[in-house]
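Trainee: sequence? don't have it. structure:
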């Protein structure tokens, strides 16, 4: 099973999943907003996306990840809108029979997401000023 979603607002709480008899590894990655972006102090990041294409690309990357690493299932949630410092902006959960596949899968997925999914981030200063960051700055 592959679940991918762009989420406006806080990500849902992680709940214990029971009955995962084939799962030997569950890797959970949380990408959090740091207090500095490109060497500048910030209070939040603002994520914009071209939603129709971002949904399609995120789903395709998720499906490719499951196939490539023989995962049992995968969840990838990425926030859009304003995300304050310290909050989670990205959650990836990969379940596999063994840890190696799950660990590699998360790294591979995040790398592809950053390259292919049309999501742009902006640093927000305490003054309210916004500046491009990440790929938005290039």
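Mentor: Received it, and whenever you're ready, just let me know what you need. These figures come from a predicted structure and were not determined experimentally. Numbering: from 1, shown residues only.

Trainee: So what's the residue count around residue 50?
Mentor: 13 (other CB atoms under 10 Å). No exception for glycine: its C-beta is placed from N, CA and C like everyone else's.

Trainee: how much space between the residue lying farthest from the centre of the chain and residue 80?
Mentor: Most distant from the centre of the chain: residue 127, at 27.1 Å, with distances by CA atoms, centre = their mean. Separation of residue 127 from residue 80 (CB to CB, to the nearest Å): 23 Å.

Trainee: Report all helices and strands that the longest strand anywhere in the chain contacts.
Mentor: Counting by DSSP state E, the longest strand found in the chain is strand 73-84. With contacts defined as 3 or more CB pairs under 8 Å, 6 or more residues apart in numbering; DSSP states H and E, the packing partners of strand 73-84 are strand 2-8, strand 44-49, helix 51-69, strand 88-96, helix 99-116, strand 119-124.

Trainee: Tabulate the ones you listed in a markdown table, adding columns for mean neighbour count and distance to residue 37.
Mentor: Compiled in a markdown table, the helices and strands packed on strand 73-84 are given as follows (neighbours: other CB atoms under 10 Å; distance: least, CB to CB, whole Å):
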| stretch | mean neighbour count | distance to residue 37 |
| --- | --- | --- |
| strand 2-8 | 16 | 21 |
| strand 44-49 | 20 | 7 |
| helix 51-69 | 17 | 21 |
| strand 88-96 | 22 | 12 |
| helix 99-116 | 17 | 15 |
| strand 119-124 | 21 | 4 |
